[in-house]
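Colleague: Coordinates for the following, if possible.
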Amino acid sequence: MQPEIDYCKIGQRIKAARLEKGYSQAELGTLVGCSNNHMSHVEVGQTKVSLSMLLKLSLVLEKNFDYFFLDTPYAKRESLINVEIADKLNQCNAVTLITVNKILDALIEQQDMIQQKEKSD
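Modeller: Okay, here's the model as predicted:
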C-alpha cells in the first residue's frame, strides 16, 4: 500500500521556496496563474496542489521538482542526500563533521541490528 501524499509538507516547501525568492502569495499566484487565496490554501495543505501547478511552481521558484517531496515518503534518496544533507554538511566545521560521522555510524549499526532481528523473527 502506497503512503498518503502529505500536502501540508508539500505546501510548507512551497512556502519556504516562495519566501526564499521574496515573493508574496499574491505575486507567486500571479506568476503561476492562480489567486493568492488559492496559493494560501495550497501552502497550508487545505487544497491539493495539482501536478501542473507544481510544475509551474518548480519553474517559477527555480526548484527541482523533487524539492517539493523531500519531507515526504516519496522523496528520492539521492535528492535527500544531494539537496538537504549535503547543504547542511557544507555548513559544518571539521569537528562537527567528525561528530556527524560518528552519529551516522551509530545509526547505521542500529539499522543493521534491527534488520537482522526482523530476519530472525
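Colleague: Quickly note the distance from the residue nearest the centre of the chain to Asp6.
Modeller: Centroid check for the chain by CA atoms, centre = their mean gives Leu70 as the closest residue, at 2.5 Å. From Leu70 across to Asp6, the span is 11 Å (CB to CB, to the nearest Å). C-beta coordinates here come from the backbone N, C-alpha and C atoms, glycine included.
Colleague: Now for Glu62: which residues touch it?
Modeller: Lys21 (CB atoms under 8 Å, 6 or more residues apart in numbering).
Colleague: and if we set it to 10 Å?
Modeller: 17, 20-21 (CB atoms under 10 Å, 6 or more residues apart in numbering).
Colleague: Between those residues, identify the one with the most neighbours.
Modeller: Using other CB atoms under 10 Å as the neighbour criterion, Ala17 leads the contacts of Glu62 with 19 neighbours.
Colleague: sorry, back to before: among the contacts of Glu62, which are located in strands?
Modeller: Nothing among these maps onto strands, per DSSP state E.
Colleague: from these, which single one is nearest Glu118?
Modeller: Glu118 has its nearest neighbour among the contacts of Glu62 in Ala17, at 37.7 Å by CB to CB.
Colleague: Ramachandran angles for the closest residue to the closest one other than its chain neighbours?
Modeller: Excluding the flanking residues, the one nearest Ala17 by CB to CB, 6 or more residues apart in numbering is Leu61, at 4.2 Å. Backbone geometry at Leu61, expressed as degrees, to the nearest 10, gives phi -90, psi 0.
Colleague: contacting residues for the residue nearest to the centre of the chain?
Modeller: Contacts of Leu70 by CB under 10 Å, 6+ apart are 9-10, 13, 63-64, 76, 79-80, 83-84.
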